[in-house]
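Student: Compute the structure for the input listed below.
(2 chains)
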Amino acid sequence: MSRGERQVPVTRRLLAARPVRTAAGALGIGLALMMMLLLNGLWTGVQQRVTVYDDHLAADLVVVPAGTESLFADPGVLPAATVTAVEATDGVTGAWPIRTMYSILELPHGKAAVAAVASEPGGPGGPWALTAGRAPATADEVALDALFADQHGLAVGDDMPMFGHPMRVVGLTDGTAMFMTPMVFTTSAAMTGMLGAGDTTGAVLVTTDTPGRVADRLRDQGLTVRTPAQLREASLTLATKIYGSPVKLMVSVAFATGTLIVALVAYTRVSEQQRDLGVLKALGAAPGRVRRIAVAETAALTAAGAVAAVILLLLTRELLSWWRPAFPVVMTSATLTRTATAAAGMALLAAWLPAHRLSRLDAASAFRSR
Amino acid sequence: MTTADHTAPEQPTGRDRPVTVAVRGLTKTYGHGAAEVAAVREVDLDVHAGEVLLVMGPSGSGKTTLLLMLGALLRPTAGSIVVTGRDRRRVEIATTLERELPALRANTFGFIFQDYALLDALTATENIAVAANIAGIKGTAANRRARALLDRVGLAHRAAARPSQMSGGEQQRVSVARALANDPPVLLADEPTANLDASRGRDLSRLLRQLADEDDRSIVIVSHDNRLREVADRVLWLEDGRFKTLAGLVVDPVCRMQVEPTGPHVDWEGRTLWFCSEGCRTEFTADPQRFVAGGD
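Tutor: As a prediction, the model looks like this:
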C-alpha cells in the first residue's frame, strides 16, 4: 500500500461526465459574476468620469463662490474683480477665471446635455488632450469632446449653436466625457458674452508654490478656497449620493443572485450524484471525503464561471463601448479582487447546503434501485 | 409444518471453518409505539469462512435490512454482530463508533448491488480503483489491483469501458471485482442476479462460488433467485424478520417462491399445491399444465 499517491480523480470525472451540464452551470455562474463585474466596472467608470475635470485642473487652489463644493453642481458666481485680487495675493504665481456649468444645447439633431467649461486661452482649466484641431482662442470658437462630436456628426470646422450664439468647432478633445455629460470648451470671453455677465466669473484657478500659506491668505480676504482634491472628493460624494445606492443595491442583488445560481447548480449536481456519492459512502468513503467532492465540484464550477465571467465582460464592454460609449466599464485590480473574493464567498455559501446534505446522506441509499 | 425460530436453521455444510460473522439476538425495529414495525427479530446466525450463505424470503421479510446491518450500513436496535477481519481481529459492529464505521466497511466488506451501482463517470478500472483508494491503496498499486481483478472476472479487455458501454452481465462482473478491491473477508450481495438473464445469472453464481472457495471468503447473498441455491452452502428462509425452517416450506408453482403451506391452495391430481397469493392460485387454475409441465 502506498500512501500519498494519486487517487482516482472522482471530482474531475464527475465534472467531465456531463460536459454540457457542466458548461451550462459554469456559464450560469459566469453570467452572475459578470453582472457583478459589470456593475462594479460601471461604477468605477462613473467615478472616474465624474472627477475627470477635477483631475485635470492643473491648478493648486481654486477660489469658488461661498458654499460651493463642486464646480459643476454648485455653479455660483464671483465678482470679476476677484481675479485681480487673487492675482495680487502674495505667493500667487497665476490666477485664471473659469466658468463651469451643466447646460442643454439645442443642436440640429436635438437637445444634448453637456458640461460647459469656459477658460482663458493658454491658461489652465481648458482642454488637456486633443485628437484634432486646437483649443478655442476667440469668442466664437468651441472644442468638443470627440465622442460627443462623433455622435452628433460634428467635425472641426463645423458650425454649432451654443446658447443661441453661432460658434465654430475648432478642436476635438479626448477623454473629456463626464458621466452622461460630454464636455464643451470655450473661452471665458465667449461665455461671458453669451451669459451677458461681464462683471462676474465662476471660479478662479490659482497656481502657487506654497498652497497652504496662499490658501490662508485668500481665506483672510474672505474668499472660499478649495483644493482640487477637495473638489474631486465633493464630486465623488455627490455622484455616490445620486448613483451609489442604486448601484450598490444592484451589486448586492447580483451577488445574491450569483450565490443562488451557484447554490442551485451545486445542489442540482449533488442531487443528481446522490446515488454515486451514496455508493462511495457505502464502500467506506468517510463523510469528509464525500463532502470534499461536492465542495471541490462547486469550487471548480465557480472557477470556471469566473473565467467565463471575464470573457463575457470583455465582450460586453466592447459591445457597450460601441453601443453606449457614455457608459464606461473600467476594470481595476481592486474590482477584480473584490469580485474574486465575492466568487469565493459565493462558492462557500453555495457549497454549504449540498455539503450539509451529503453529511446526512444515508450510505444504505446505495442499496436502493435507481 | 413450518417452525418459527430465531436461530438460523442448521443444514449440512462443511462448517468446520472459523466463524467470520457471528450474529446474536439481532433486531431492527422502525417507528415507535403503535406504529412500531419489526423488520428483523432477534436473529442468531454464524457465517463461516469460505461459506456461501443464501438468504431468501418474500418481499418485505427483512432480507435487505439484515444485509444492511451485517454490512455496518444500518444500526441494529438490539443484538450484536461480531465480524472477524483478515487480521483475525474481532470487531463488534453494533457498538462501533459512527465515525469508525466507514473504515470498517472499507476494510472488511465488499458490496455487490442489485443494479451494480457503478459510477457512470468512471471507467471499469477506475470504478475498482476508487474502492481500492477508499481502502487505502493509492496510485499505481490501486490501478494494478483493479486490472488484476478485471482479469480475474474475465473483463481485462473492457478496462477502459464505461458502465454505459457494458452489458448488464459485464457491469455486474465489474461490481464483483470492485467488491474485491479491498480483499474483504466478507462479501455481501443484494439480489446480484436480479437484472441478469438465466445464462449470465448462472455465470455470476459460479463466480461467487469460486470466490468463496479460492479465497476462503464468506459470502452472504440475499435473493429471490432459486438459481443461486445450487452454489449456496446453506439456504435460509427469512420471513417476518425471523428465520424459518426451509424444510417446512413449499414452492409456489406459479411464482416459484418458497411459501408456507398455510395459505391459498388447490388440490390437483391427488396432491395439494400451495400459493403465495390468491393471484397465483387463480393464474394456476386457469391453466395448470403451463405451470406443472416443466416440473418443480
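Student: Residue ranges in chain A under the pLDDT threshold?
Tutor: Chain A contains residues with pLDDT under 70 at A:1-5, A:326, A:366-370.
Student: Where is the longest strand in it?
Tutor: Of all the segments of type strand in chain A, defined by DSSP state E, the longest one is strand A:92-107.
Student: List the pairing partners of that one within its sheet, with orientation.
Tutor: On the basis of DSSP bridges, the sheet neighbours of strand A:92-107 come out as strand A:110-119 (antiparallel), strand A:203-208 (antiparallel).
Student: Domains in the chain, by residue range?
Tutor: You didn't say which chain, so I picked chain A. According to automatic domain parsing, chain A comprises the domains A:10-50+A:238-367, A:61-226.
Student: meant chain B actually
Tutor: Per automatic domain parsing, the structural domains of chain B span B:4-248, B:250-292.
Student: could the ones you listed go into TSV alongside mean pLDDT?
Tutor: Converted to TSV, the domains of chain B look like this (pLDDT from 0 to 100):
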stretch	mean pLDDT
domain B:4-248	89
domain B:250-292	84
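Student: Residues of the stretch 151-300 of chain A that sit close to chain B?
Tutor: Taking C-beta under 8 Å from any C-beta of the partner chain as the contact definition, the stretch 151-300 of chain A meets chain B at A:275-276, A:279-287, A:289. C-beta here means a position set from N, CA and C on the backbone, and glycine is covered the same way.
Student: out of those residues, which one sits closest to chain B?
Tutor: Out of these, the one with the shortest distance to chain B is residue A:284. That distance is 2.6 Å, counting by C-beta to the nearest C-beta.
Student: okay but the closest one is in contact with residue B:110, surely?
Tutor: No - using C-beta atoms under 8 Å, residue A:284 and residue B:110 do not qualify as a contacting pair, with a distance of 10.2 Å.
Student: Need phi/psi at residue 18.
Tutor: No chain in the question, so chain A it is. With angles defined as degrees, to the nearest 10, residue A:18 shows backbone torsions of phi -130, psi 80.
Student: if you could check chain B rather than the one you did, that'd help
Tutor: Main-chain dihedrals, residue B:18, degrees, to the nearest 10: phi -70, psi 150.
Student: what does chain B have sitting close to chain A?
Tutor: Going by C-beta under 8 Å from any C-beta, the residues of chain B near chain A are B:64, B:67-68, B:71, B:73-74, B:99, B:102-107, B:109, B:111, B:113-115, B:117, B:119-122, B:126, B:129-131, B:133-142, B:178, B:182, B:190.
Student: In chain B, what residue spans correspond to helices?
Tutor: Under the criterion DSSP state H, chain B carries helices at the ranges B:63-70, B:101-108, B:124-134, B:139-152, B:168-179, B:198-215, B:278-286, B:288-292.
Student: Point out the most buried one among the ones you listed.
Tutor: Neighbour counts averaged per stretch over the helices of chain B are highest for helix B:124-134, at a mean of 27; criterion: mean count of other C-beta atoms under 10 Å in any protein chain shown.
Student: And the contacts of that helix?
Tutor: Outside of helix B:124-134, the residues that reach it under the criterion C-beta atoms under 8 Å, 6 or more residues apart in numbering or on different chains are A:7-8, A:10, A:13, A:280, A:283-285, A:289, B:106, B:118-119, B:122, B:138, B:141-143, B:145-147, B:149-150, B:155, B:158-163, B:166, B:174, B:177-179, B:181-182.
Student: okay, now the residue nearest to residue B:68 when sequence neighbours are not counted: neighbour count?
Tutor: Using C-beta to C-beta, 6 or more residues apart in numbering or on different chains and skipping the chain neighbours, the partner closest in space to residue B:68 is residue B:74 (3.8 Å). The burial count assigned to residue B:74 is 21, neighbours taken as other C-beta atoms under 10 Å in any protein chain shown.
Student: Give me the phi and psi for residue B:74.
Tutor: Dihedral angles phi and psi of residue B:74 (degrees, to the nearest 10) take the values phi -140, psi 130.
Student: mind checking how far it is from residue B:131?
Tutor: Relative to residue B:131, residue B:74 is positioned 20 Å away (C-beta to C-beta, to the nearest Å).
Student: rewinding a little: can I get the strands paired with strand A:92-107 in JSON lines with mean neighbour count and distance to residue B:39?
Tutor: Listed next are the strands paired with strand A:92-107 as JSON lines, based on neighbours: other C-beta atoms under 10 Å in any protein chain shown; distance: least, C-beta to C-beta, whole Å:
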{"stretch": "strand A:110-119", "mean neighbour count": "19", "distance to residue B:39": "78"}
{"stretch": "strand A:203-208", "mean neighbour count": "24", "distance to residue B:39": "89"}
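Student: need those in TSV with distance to residue B:199, can you?
Tutor: Shown next, in TSV, are those (distance: least, C-beta to C-beta, whole Å):
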stretch	distance to residue B:199
strand A:110-119	84
strand A:203-208	98
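Student: Of those strands, which is nearest residue A:88?
Tutor: Relative to residue A:88, the nearest member of these by C-beta to C-beta is strand A:203-208, separated by 11.9 Å.
Student: For that closest one, give me every contacting residue.
Tutor: Outside strand A:203-208, the residues that reach it (C-beta under 8 Å, 6+ apart) are A:57-65, A:68, A:71, A:78, A:82-83, A:86, A:91-100, A:119, A:123-125, A:214, A:218, A:225.
Student: residues of the following helix or strand past it that come out buried?
Tutor: The element immediately downstream of strand A:203-208 (helix or strand, assigned by DSSP states H and E) is helix A:211-220. Along helix A:211-220, these residues count as buried under the neighbour rule (16 or more other C-beta atoms under 10 Å in any protein chain shown): A:211, A:214-215, A:217-218.
Student: Can you name every helix or strand that whichever helix or strand comes after helix A:211-220 contacts?
Tutor: Stepping forward along the backbone from helix A:211-220, the first helix or strand reached (DSSP H and E) is strand A:224-226. Under the contact criterion of 3 or more C-beta pairs under 8 Å, 6 or more residues apart in numbering or on different chains; DSSP states H and E, strand A:224-226 touches strand A:61-64, helix A:211-220.
Student: okay, now the nearest residue to residue A:69 once chain neighbours are set aside: neighbour count?
Tutor: Setting aside the residues directly before and after it, residue A:69 is nearest to residue A:234 in space (C-beta to C-beta, 6+ apart), at 4.0 Å. Residue A:234 has 19 neighbouring residues, counting by other C-beta under 10 Å.
Student: Residue A:234 should be in a helix, yeah?
Tutor: Yes - under DSSP: H, G, I helix; E, B strand; the rest coil, residue A:234 sits within a helix.
Student: contacting residues for it?
Tutor: So, once contact is read as C-beta under 8 Å, 6+ apart, residue A:234 ends up touching A:69-70, A:73, A:226.
Student: Same check on residue B:177?
Tutor: B:124, B:128, B:146, B:149-150, B:152-153, B:155.
Student: any idea how far it lies from chain A?
Tutor: According to C-beta to the nearest C-beta, to the nearest Å, residue B:177 stands 13 Å off from chain A.
Student: thinking again about what came up before, list residues touching both of residue A:284 and residue B:110?
Tutor: Counting by C-beta under 8 Å, 6+ apart, the common neighbours of residue A:284 and residue B:110 are residue B:182.
Student: Including distance to residue B:196, could the helices and strands packed on strand A:224-226 go into CSV?
Tutor: CSV is the format used below for the helices and strands packed on strand A:224-226 (distance: least, C-beta to C-beta, whole Å):
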stretch, distance to residue B:196
strand A:61-64, 89
helix A:211-220, 91
